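Enquirer: heads up, no residue letters with this:
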């Protein structure tokens, strides 16, 4: 999808919130007071209060604010398709939330993988959004650049699970100066804040030369902040209960999804239809592939050379039916890779409450179209019954591979799991190994294999045709069609066809329901994160957690007792310090030969 289409879909899923109610109330008050609104503001509010449009004005407005209007018709892209840049993808993710009615956003490490210039542009756009729309954004960044740090209005400094400072950005350096620490002139404030609470780097910022340095833990910083004027004002503000008369009913949300379920289904349907048209090459290629295989099947089992003399001729027909069944089963294998590529977006939209999981599964299930049918029996009713089975097998295979992709989540595991499932389905489907040859402890797999029901339905539809039932088998007592079905352990009643067809339909629904449940409750594949214990963290900081540093010299007699701690921290080697200076240093870059010859 393009950038604009992505934001439009997000806007349709999130709805308009309370914009329509606010517009109605504002219009009523303007009429009562005789106020004529500005045409531009009135047009914008009315345009953003329209629900259900495929493209809204708020999308264009968000594209302009985030600087994405230059790439609005460009595909977002993924690992296999070239798209927008990494910084633009970050802004698209932010824009997906800005087009909705949410006024509070929580962002975690949005600068990961971005350079400082791109991070500054994104934060600058978000600052404009906050100031223009009166929103609140809570953002966590690791060592932002000084120009990025200066864009924030308030700062919350966290260390060891405690709040060290929470308040305006202008007073954060003043707070640490009151604690005895000074930020150097050429040191970034963000780097200073991260290092001043560290056991390893805190000493270099000690500014009170009248007192010996001692390590100030995070708990003491937190206590001093409570006595700081910013902390006192914050405590007074939080101690006053909020006046409920000032609240609005739209401040709380009592429904999981703000948009009606049918509107969400319609939005998901339009999205699936758009993606199907975009991936038309895949479906056309699959259609051509199946037509080619159908041509081979037709020439291999050519009608003029097929006979109906005995059970061996019936086995040849069963082979043709099995070939049709297997081709349709393998046809659903393409859905596995397509679903794997879409899972990250599906999980993100699920966690953001864009739509329920079934709104993604149902359109993909309903938009499945059968590609071909094989006419074996000349009867018209059996031809359409054969096409019905082809349609059911297509949906069963697609649902099965969607379920495998939703459970396995990665391409490697899904390919392995899909191969194992196909192997078991083919072996225990009733043709390669008849039911009587399957071990008793594997018989349950025969009854849960979709291939067994599909093969039974195909065989019943073909061999109960009069051209088979009007002939006698080799024993001259039973008709040919019944004999072939009994050799395959297939029921000989016409009603068994509809039982098998209903079983296939049940498998299609079951696999899609299980896929929906997997999307609802399974966690998205997360990135690996390192976990460091407190002991390792203390060792990395250079001090033991229970040891307090001191300014007194270490006695030589205590070296033996402290040998273990020295071994953990390393030792100080004797060296003579030297100073180096440089004068008239020049730096040259040679022109490439190709450029110099131009």
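Expert: Done, it's in. Note that the coordinates shown come from a computational prediction; the quantities given were computed from them, not determined experimentally. Numbering: from 1, shown residues only.
Enquirer: Now do the same contact list for residue 9.
Expert: 1, 267, 271 (C-beta atoms under 8 Å, 6 or more residues apart in numbering). C-beta coordinates here come from the backbone N, C-alpha and C atoms, glycine included.
Enquirer: Residue 156 versus the closest residue to residue 153 other than its chain neighbours, what's the distance?
Expert: Spatial nearest neighbour of residue 153, excluding adjacent residues (C-beta to C-beta, 6 or more residues apart in numbering): residue 169 at 6.6 Å. From residue 169 across to residue 156, the span is 10 Å (C-beta to C-beta, to the nearest Å).
Enquirer: Among the contacts of residue 9, which one lies nearest to residue 425?
Expert: Lowest distance from residue 425 to the contacts of residue 9 (C-beta to C-beta) belongs to residue 271, with 31.2 Å.
Enquirer: wait, is that closest one part of a helix?
Expert: Yes - membership of residue 271 in a helix is supported by DSSP: H, G, I helix; E, B strand; the rest coil.
Enquirer: pLDDT score assigned to it?
Expert: On the pLDDT scale, residue 271 is placed at 84.
Enquirer: burial of it, as a residue count?
Expert: If you count neighbours by other C-beta atoms under 10 Å, residue 271 ends up with 21.
Enquirer: Could I get the contacts of residue 9 in JSON lines, plus columns for distance to residue 195?
Expert: Output for these, formatted as JSON lines (distance: C-beta to C-beta, whole Å):
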{"residue": "1", "distance to residue 195": "43"}
{"residue": "267", "distance to residue 195": "48"}
{"residue": "271", "distance to residue 195": "47"}
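Enquirer: closest to residue 255 among these?
Expert: Checking those against residue 255 with C-beta to C-beta, the nearest one is residue 267 at 16.8 Å.
Enquirer: what are the phi and psi angles of that closest one?
Expert: Per-residue torsions, residue 267: phi -60, psi -40 (degrees, to the nearest 10).
Enquirer: Tell me which helix or strand the closest residue to it other than its chain neighbours sits in.
Expert: Nearest residue to residue 267 in three dimensions, chain neighbours excluded: residue 12, at 4.3 Å (C-beta to C-beta, 6+ apart). Secondary structure from DSSP states H and E places residue 12 in helix 3-14.
Enquirer: Do a quick rundown of the strands in this protein.
Expert: Listed in chain order, the strands of the chain (DSSP state E) span 104-108, 136-140, 154-159, 162-168.
Enquirer: What strands line up against the second one, and which way round?
Expert: For strand 136-140, the pairing partners within the sheet under DSSP bridges are strand 104-108 (parallel).
Enquirer: Give the buried residues for the partner strand.
Expert: 105, 107 (16 or more other C-beta atoms under 10 Å).
Enquirer: now swap in stretch 69-84 and tell me
Expert: 71-72, 74-76, 83-84.
Enquirer: how close does the residue nearest to residue 153 sit to residue 230?
Expert: Counting by C-beta to C-beta, the gap from residue 169 to residue 230 is 11 Å.
Enquirer: Pick out whichever of these two has more residues nearby.
Expert: When residue 169 and residue 230 are compared for neighbours, residue 230 comes out ahead with 19 against 15, by other C-beta under 10 Å.
Enquirer: who's in contact with that one?
Expert: So residue 230 contacts 165-168, 171, 175 (C-beta under 8 Å, 6+ apart).
Enquirer: Ok, residue 454 next?
Expert: 325, 389, 392-393, 396, 500, 504.
Enquirer: cool, and residue 104?
Expert: Contacts of residue 104 (C-beta under 8 Å, 6+ apart): 135-138.
Enquirer: Touching, residue 500 and residue 453? I think so.
Expert: Yes - with contact defined as C-beta atoms under 8 Å, residue 500 and residue 453 form a contacting pair (4.4 Å).
Enquirer: Between the two ends of stretch 485-492, how far is it?
Expert: 6 Å (C-alpha to C-alpha, to the nearest Å).
Enquirer: quick one: average confidence on it?
Expert: On average, stretch 485-492 scores 74.
Enquirer: what does stretch 465-477 give?
Expert: Averaged across stretch 465-477, pLDDT comes to 67.
Enquirer: which stretch among the strands of the chain comes nearest residue 514?
Expert: strand 104-108 (31.4 Å).
Enquirer: one step back: what's the spacing between the residue nearest to residue 153 and residue 234?
Expert: 14 Å.
Enquirer: same deal with residue 510?
Expert: From residue 510 over to residue 234 the distance is 55 Å, taken as C-beta to C-beta.
Enquirer: do residue 347 as well
Expert: Taken as C-beta to C-beta, the span from residue 347 to residue 234 is 37 Å.
Enquirer: Neighbour count: those two, which is higher?
Expert: residue 347 (19 against 16).
Enquirer: Spit out the contact partners of the nearest residue to the more buried one once chain neighbours are set aside.
Expert: Leaving aside its chain neighbours, residue 347 sits nearest to residue 524 (3.5 Å; criterion: C-beta to C-beta, 6+ apart). Residues in contact with residue 524 (C-beta under 8 Å, 6+ apart) are 343-344, 347-348, 351, 409.
Enquirer: And the furthest pair within the residues you listed?
Expert: Across the contacts of residue 524 (C-beta to C-beta), the longest gap, 14.7 Å, separates 351 and 409.
Enquirer: Which of the two has more residues huddled nearby?
Expert: The neighbour comparison of residue 351 against residue 409 (other C-beta under 10 Å) goes to residue 409, with 19 against 10.
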